[in-house]
Every structure is written in structure tokens, then in C-alpha cells.
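J.: sharing a model prediction with you, sequence too.
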Amino acid sequence: MAHRAFAELKVGPVTLPNRIVRTAHATGFSRPTHSMTDRLIAYHVARARGGVGLSILEALAPHPSGRVDYCLHGGAPGLVEGYRKLMDAVRPHGMRVFQQLHHAGYAAPPVDGSPPWSASDGVFAPLGQVAVAINRRQIASLIESYVASTRDAAAGGLDGIEVHCGHDYLIQQFLSPLINRREDEYGGSFENRCRLALEIVTAVRAALPAHMALGVRLSSEMLPGGFGPDDVAGLAAMLQDRGLVDYLNLSIGQNLATDQIIGPMNEPVGYQLAHSAPTSAARRVPLLVTGRFRTIEEADQVISRGEADMVGMTRAHIADPDIVRLTKAGEEDRIRPCIACNHGCVGGLALQRQIGCAVNVAVGQEDQLAEDLIAPAPEARTVLVVGGGPAGLEAARVAALRGHRVILAEANSRLGGAVEIARRAPRRAALGDIVEWLTREVYRLGVDLRLSTYVEAEDVATIAPDHVIVATGSSPRMDGAQGFAPGLRPSGVDLPHVISSHDLFLDNTNRAWGSRALVVDDTGHYEAVAAAEFLIEQGVAVTFATGHISFAPRLEPSVSAAPALARLAKGDFTVLTRARLNAITPERATLAYHYSDQPIEVPADTVILVSHNRPHRELHDQLEERGIPATLVGDALSPRYLQSAIREAHLAARAIA
């Protein structure tokens, strides 16, 4: 079948080789210079080799007041030279490259420590700083900086410019009737609030060489009384009427609800499309849409229905840079799937100041860890991998790619490990996609797969492998240990109605969970949230108790906490933070806040304990005692997250001598 997504597309003076786009996204790879580093270039070149039609470089802040930590900086040392190096590398592959220009306004702190700029003075809650309302002189300086950055992009050989006018950044702060309270010509009426956007785009257009394209990114605020889909359509019409833009890039959301911008696993494919309908119906230039698209087939459907002309597949190409190439080759089954967990990409940027990927180890290290750099081993070895969860599967896959003879032994009758349990939780089925992909790969590569095979030290001695990788995972710790209450062991944890999340999701008996349940969360991640959501959907009233300062704080970086809390709030749901569990009886549990000894009595027919798991490292320790070298990876080393498990296993398999 011919894919519509692979048809060429004219965007102003620029011809795209296909309609698959990587939208602008911060990576953290431009640090420390905030310029086009070799690392950032390698990241983009890998996607060019994979066949992407257009990549829009991560936001560049033209003006000093908008230079934030996650951005490229206008005028940064080596920027133009870096552009040229990037374009020399991607030209042979046909990928076009645009530069997004953006000013964060009050949505991010300037690196120089100065107060953030905005349309009006006011406080952006997450930042907690009072913004400065910029004056006409500063507006003129801002426009001049956009022109200067446009000229740098042209000098560097780029193909186009995108002006970011959405997502609650500075230009949208002018557009928004909720934020813009100005009484001059930049405030009040719709036309006045659009004035800054039009002036910036007009100036950029005038500075742009004839061979370069210009587009804008627009978004609905998704807030009552805010800049909505009809307003987006109105501004888009003004830009088109004046002949200012060659394409439109539509999105939704703002920085108080980032999950709308970067939809987590709970969002369906194309979840943003309904909001782009008013603009899409009246468009006169090509339209780019996003919304958790993962496959070329999904992009084809959008294009064939006339909803858009280009489709953004940004996270999908973080997970696998070769989507276009593999699809053209008829090898769709080999495409590593994005599971939309947001743990490595969005979460990595928030926590480690650079993106990674839960399923793709090479992100940010393409020059060292790209798949095509996995070289055959000088001598084929016999490698035994014990454990068929994601860590064991990745270790077996990479070892097989290196040409080793690989045996993978799994004690259960199914592969997947803890992921096979987690995927049963509400709205978490996509977790299983990576296990299914890894399973297909180990079969394709000829791994000797042995299910229902429990391996002990004697078995290893009998097999006599040259190398052993132990990926035996972990299991729930049910002794009531709580990280925020060291030494406390609640009484009653051995009662029959006290269970783990594994017990909850693996139950096949149609067990009645009662009318009220207590979920005790010691990890602050998704496991306890999933248990609570499962029970709420069964009609059970849930009290959610955690020692953390807030609900699921370790989900905040991956923008998954807020949508989960919104779903839970539709049921009978109560949250207790900074709390500890003291005792459990058949009818109730006794808790207390960490700052008080006053008991809190909670009726509970079912109690779910979610704590940090206990690693299964017995086999490794037995092998070590016998002098048999083995590498311990994943949860068997220390229970953490999927990204850690896959990364450790991947590196361990590559390191086999």
C-alpha cells in the first residue's frame, strides 16, 4: 500500500521529501554552550538517516530576557558554524530543518536571574516569581532579536523558521485574555492581543530569504475564558490573509497542564485533533498536527481524512529513529515502540536536565550507542540470560545482535516480568508494547528461549556458559517497611486482606474488594496510583496514604500525576500526605501524620501496600560464591524503573568480551 505520509509536500519554497515531522522539543544536549553541540547534531543526524521529512530544532531564545536553561540561545558561540555542520550532515539524507524561535516569558526563569517578562505583571504559580510587564522599548528590542536569529539561521543554511506563539509562552501571554490585562495597543480587543504575534512574524518574514519557509506554532489554552480553538482559527486566518506564513503547526495546552501538550499513556492517538478542527477546515497553507502518533499508518489516516497535511511523530522518533526507513522496507514489526510513559524524555529533562528514553538506550549518545554501532564480537560466546523481563529480553537481544549464542531462561510460562503485571492496570496496556517488541526480536535473532525454566546455580554449572547475565527482577516487600518511618513495622501486615499491587492485578478469582480500601504508597510513582484507580473503577472508596509531601510526586516530571488525580477524583477518593501506617486490623487501619501522634482511623476492607521491592539476587550471590562470573542487571540489582533495567541490560550485553 502506498503511504500518503511518504508523498512530497511543498511548504512555501521548501519541498519536504515526506510528511513525517519531528516537532521542536528540548533535549538538554545543547549544554553547556546552548549552541549546536556535536551531541545535539548526532541526535538529529540519526533521525535524518532514519528518513524523517522535517525536523524543527528545539526552541531558540533570541532575546537575552528569554534565555532559559533548556533552550538554544540566540547568538551563542559557534551557533552558525554548528548549523552548517548539521546541514552538511543531514543534506545527503534529504531531511529539511527549521529553527523554532521562542520566548518563555513567565513560564521559565531566565538564566541571568532577572525577573521574567510577560504581557502584564503577575505570578506564574510553578515559577513563583512576579513577572514584569514589558514596555514598548522592550517590545522593539524583542522584535529585533527575532530578526537577528532569523539571519543566523539563514547564514547557517537552515530551511525555515517557526515562531512559537503557543503553550503559554510570551507571545501567547499577550494573546491570552486571562493573562493580558494591558490597556495600550497590545491589550484589550482580540486584534490588539494579536498585535505582538503579527509584528514578530511580519519582521521575521521580511528578514527571511526567499528560499526559506516560515510557520507558526499555535495552541488553545484549554482554560475557561482563555485563548480557545476559535481564537486560534482567527489568528491563523489573519496570518494567512497577510501572506505571512507557509504552514501552521497546531497544538493544545499550556504550562499549567503540560500533560495536554505531551499526552501521557492515557491519551488516545490523535487526542488533539478535535481542537484543531476550526483551523483545519479553513486552512490555505499546509497544516501540521501532533497527538501521540506512533506509526506511519496512523499518520496516513489523518492525512487521508484531510485533517492535516503533516503529522508530528516526535516521541516516536525518540524511541526509534528509523520509523520511516523500516516502514518503507516493509519491516514495521521491527520498529521499537514509544510507550508514552514520558519517563525518559519529559521526565529526564525535568530531573537530569536532558532527555533519555525508557526503551531506547542510545538517545543522547548516538555517536556511541546507536544500533548500527553494535559490532559483531571477535569471538562468539555462549551467553546465559536468566530472567525474561524487559532487562533479560534486552540483554538477550543485544547479545544475539553481537553474534553470541544466547540462551534465555524464564521461570514463568510468559515473558515480560513485572511489565506483564503493570500492563493490566487501567490505561497502562501500552507498557506491554515494549515486551512484545523485545519478544519478537529475540525470536527473530534465534535466541534459545526456555520458558517455565527455573535456574539454580547447579543448572548454570551444567550449561557452562561463557557469560551469565542475571535479570531475575524483584518482588513486593510486604513487611510494612516505610521509607519515611525507618524502623516502624505496622502490626497486622500479615492479615489476609493485606495484599500487594501484584496480588491485585493478578487476581483471577473475581474477589470482592469490599466497599472501602486503603492504598499505602511509599514509592510516589505509578504503582500505587494504578492500584487506586483499579479499585475506584470497581466502585470501591479509596483512601490513598503516602509519606510523600504530595500525591505521586515522582510522576510529576512525566506529567502523569495530574490526569491520574483527575480520574481518581471522579470516585470516592481521599488523599492523606505526610502520613505513616501504624497498624492494621480486620476492619480498619490506624495512621498518623509524621508531624503528629494523633491517630487517624481509616475503615478498610482491603489494604494495598506499595513499597520499594526486594531484589531477587540469590542466584547471582550463589554464582559469586562458586566463582562463576555473572552480571547483575535491572531490578535484581536494585528495584527502580524500566529505563534503568533496559539500559543496564543493554550495556552489559555490549560489554561481553
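T.: That came in fine, so what should we check first? Numbers count the residues shown, from 1 in each chain.

J.: contacts, neighbours, all on C-alpha from now
T.: Will do.

J.: residues in contact with L535?
T.: Applying C-alpha atoms under 8 Å, 6 or more residues apart in numbering to L535 gives the contacts 513, 517, 541-542.

J.: meant to ask about H275, not that
T.: By C-alpha under 8 Å, 6+ apart, the neighbours of H275 are 220, 229, 252.

J.: kindly report the same for E410.
T.: Contacts for E410 (C-alpha under 8 Å, 6+ apart) come out as 386-388, 450-454.

J.: A653 too?
T.: 395-396, 398-399.

J.: now pLDDT and distance to V602 too, for these, in a markdown table please.
T.: Compiled in a markdown table, the contacts of A653 are given as follows (pLDDT from 0 to 100; distance: C-alpha to C-alpha, whole Å):
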| residue | pLDDT | distance to V602 |
| --- | --- | --- |
| A395 | 98 | 45 |
| A396 | 98 | 47 |
| V398 | 98 | 49 |
| A399 | 98 | 51 |
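
J.: nearest the middle, which residue of this structure would you pick?
T.: The geometric centre of the chain, computed from its C-alpha atoms, lies nearest to N342 (C-alpha atoms, centre = their mean), at 2.5 Å.

J.: rewinding a little: pLDDT check: weakest of the contacts of L535?
T.: pLDDT across the contacts of L535 is lowest for W513, at 95.

J.: ok so, going back, the residue nearest to the centre of the chain falls within a helix, correct?
T.: No. Assigned with DSSP: H, G, I helix; E, B strand; the rest coil, N342 falls outside any helix and is coil.

J.: so how far is I171 from it?
T.: Remark: distance between N342 and I171 (C-alpha to C-alpha, to the nearest Å) = 27 Å.

J.: next one: H73
T.: 18 Å.

J.: so which strand or helix has Q240?
T.: helix 229-241 (DSSP states H and E).

J.: which helices and strands sit right next to that helix?
T.: Counting contacts by 3 or more C-alpha pairs under 8 Å, 6 or more residues apart in numbering; DSSP states H and E, helix 229-241 packs against strand 213-220, helix 273-281.

J.: so who does V21 touch?
T.: So V21 contacts 52-56, 310-314 (C-alpha under 8 Å, 6+ apart).

J.: pLDDT below threshold where in this structure?
T.: 1, 124-126 (pLDDT under 70).

J.: one more time with 90, if that's ok
T.: Judged against pLDDT under 90, the low-scoring parts of the chain cover residues 1-2, 70, 107-110, 112-113, 122-130, 254-259, 508-511, 657.

J.: domains in it, by residue range?
T.: 4-369, 375-475+617-654, 498-612 (automatic domain parsing).

J.: tell me which element the residue nearest to L86 when sequence neighbours are not counted falls in.
T.: The spatially closest residue to L86, leaving aside those adjacent along the chain, is I41, at 5.6 Å (C-alpha to C-alpha, 6 or more residues apart in numbering). Per DSSP H and E, I41 falls inside helix 38-49.

J.: hmm, who's touching that helix?
T.: Residues contacting helix 38-49 (C-alpha under 8 Å, 6+ apart): 27, 29-30, 55, 82, 85-86, 89-90, 93-95, 317, 321-322, 363-367.

J.: so which of those residues are in helices?
T.: 82, 85-86, 89-90, 317, 366-367 (DSSP state H).

J.: which one's the longest helix in the chain?
T.: Longest helix in the chain, counting by DSSP H: helix 136-155.

J.: could you give me the buried positions within that helix?
T.: Buried residues in helix 136-155, counting neighbours by 16 or more other C-alpha atoms under 10 Å, are found at 142-154.

J.: what sits against the residue nearest to G270 when sequence neighbours are not counted?
T.: Spatial nearest neighbour of G270, chain neighbours left out: G291 (4.6 Å); criterion: C-alpha to C-alpha, 6+ apart. Contacts here follow C-alpha under 8 Å, 6+ apart; on that basis G291 touches 262-263, 269-273, 312.

J.: quick one: which of the residues you listed is nearest G66?
T.: I262 (22.1 Å; C-alpha to C-alpha).

J.: render the CA-only coordinates of stretch 616-635 in PDB, please.
T.: Extracted C-alpha coordinates of stretch 616-635, given in PDB (Å, rounded to 0.1, in the frame of the first residue of the first chain):
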ATOM      1  CA  HIS A 616      15.900 -11.300  43.600                       C
ATOM      2  CA  ARG A 617      19.700 -11.700  43.700                       C
ATOM      3  CA  GLU A 618      20.000 -15.100  45.200                       C
ATOM      4  CA  LEU A 619      21.200 -16.700  42.000                       C
ATOM      5  CA  HIS A 620      23.900 -14.100  41.500                       C
ATOM      6  CA  ASP A 621      25.200 -14.500  45.000                       C
ATOM      7  CA  GLN A 622      25.300 -18.200  44.700                       C
ATOM      8  CA  LEU A 623      27.300 -18.000  41.400                       C
ATOM      9  CA  GLU A 624      29.600 -15.500  43.000                       C
ATOM     10  CA  GLU A 625      30.300 -17.900  45.900                       C
ATOM     11  CA  ARG A 626      31.200 -20.600  43.300                       C
ATOM     12  CA  GLY A 627      33.500 -18.300  41.400                       C
ATOM     13  CA  ILE A 628      31.200 -18.100  38.400                       C
ATOM     14  CA  PRO A 629      31.300 -14.600  37.000                       C
ATOM     15  CA  ALA A 630      27.800 -13.100  36.400                       C
ATOM     16  CA  THR A 631      26.500  -9.600  35.700                       C
ATOM     17  CA  LEU A 632      23.500  -8.400  37.700                       C
ATOM     18  CA  VAL A 633      21.100  -6.000  36.000                       C
ATOM     19  CA  GLY A 634      17.800  -4.300  36.400                       C
ATOM     20  CA  ASP A 635      15.600  -4.800  39.400                       C
END
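
J.: what sits up against it?
T.: 391, 456-457, 467-475, 615, 636-637, 640-641, 644-646, 648-649, 652.

J.: most neighbours, which of the ones in helices among the contacts of helix 38-49?
T.: H317 (25 neighbours; other C-alpha atoms under 10 Å).

J.: distance of it relative to N266?
T.: 19 Å.

J.: any idea how far the helix or strand encompassing Q643 is from the middle of the chain?
T.: Assigned by DSSP H and E, Q643 belongs to helix 642-654. Distance of helix 642-654 from the chain centroid (C-alpha atoms, centre = their mean, to the nearest Å) equals 19 Å.

J.: would you list every one of the helices in the stretch 451-600 of the chain?
T.: Under the criterion DSSP state H, counting those that start in this stretch, the stretch 451-600 of the chain carries helices at the ranges 457-463, 501-506, 526-537, 561-568.

J.: once you drop chain neighbours, what's closest to T453?
T.: Nearest to T453 is A411, by C-alpha to C-alpha, 6+ apart, at 4.5 Å.

J.: just checking, the one you found touches V455?
T.: Yes. Counting by C-alpha atoms under 8 Å, A411 does reach V455; the two are 7.4 Å apart.

J.: tilt between the helix or strand where E394 lies and helix 642-654?
T.: Assigned by DSSP H and E, E394 falls within helix 390-401. Angle, helix 390-401 to helix 642-654, by axes from the mean of the first three to the mean of the last three C-alpha atoms, to 10 degrees: 30 degrees.

J.: packing partners of helix 390-401?
T.: strand 382-386, strand 405-409, helix 432-444, strand 467-470, helix 642-654.

J.: return the most buried member of these.
T.: strand 382-386 (a mean of 26; mean count of other C-alpha atoms under 10 Å).

J.: next, the angle strand 405-409 makes with that one.
T.: Going by the same axes, to 10 degrees, strand 382-386 makes 20 degrees with strand 405-409.

J.: only alpha carbons, please: show strand 382-386 as PDB.
T.: C-alpha atoms of strand 382-386 as PDB (Å, rounded to 0.1, in the frame of the first residue of the first chain):
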ATOM      1  CA  THR A 382      27.700 -18.800  24.900                       C
ATOM      2  CA  VAL A 383      25.700 -16.400  27.000                       C
ATOM      3  CA  LEU A 384      23.100 -17.400  29.500                       C
ATOM      4  CA  VAL A 385      20.500 -14.800  30.400                       C
ATOM      5  CA  VAL A 386      18.400 -15.700  33.500                       C
END
